[in-house]
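# Generate a structure from the sequence data that follows.
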Amino acid sequence: MANWGVWVREGTTCEHKIDDQVAHAGKQSAWIGPGTVACYTYSVKVQPGEAFYIGCWARRATPHGVCALKVWWQSPEGKNLPAIPQWEKRLGGAVGQWQKLEMYGEVPQTAGLAMVLLVGQDFTAGDGCWFDDVQCFTIKMD
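Predicted coordinates:
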């Protein structure tokens, strides 16, 4: 998780840590637990018209709350572009099992950055989710 940031909604709390007890591959994963909402964030430079792929493995502790992979498109200066729909893939299915979340498509015309978000939201005691093995690719289309 080198070079990743953490965001917690202002005025709220949400637990987050690098977990060295649970991992999909390797020895660690990123964990988000009890609280309102938190995200691990990473900014990727992109060019309009490029193909963009983002994927990760995620696992949830309980069926409660939201565990999601998101992309917020931003201008080259880092300003959110609200007119462009965000990408989002939520984790569903079985509790306690690693599942792949992935999305791909074309970078929007006004975007210069893709803000990747690993999201945990609306967790109470005992709830939480883990993220591991994040992959991101851009491919120039000619």
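# Next up, the contacts around the closest residue to G92 other than its chain neighbours.
In space, and not counting its chain neighbours, G92 is closest to Q99: 7.9 Å by Cβ to Cβ, 6 or more residues apart in numbering. Bear in mind the C-beta positions are built from the backbone N, C-alpha and C, glycine included. Shown in contact with Q99 (Cβ atoms under 8 Å, 6 or more residues apart in numbering): 57-59, 91-93.
# List the beta-bridge partners for the spatially most central residue of the chain.
Geometric centre of the chain, nearest residue: L118, 2.2 Å, by Cα atoms, centre = their mean. Per DSSP bridges, the residues bridged to L118 are Y40, L69.
# Tabulate the contacts of Q99 (CSV), appending neighbour count and pLDDT.
Formatted as CSV, the contacts of Q99 follow (neighbours: other Cβ atoms under 10 Å; pLDDT from 0 to 100):
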residue, neighbour count, pLDDT
W57, 21, 97
A58, 27, 97
R59, 22, 97
L91, 24, 94
G92, 10, 89
G93, 8, 77
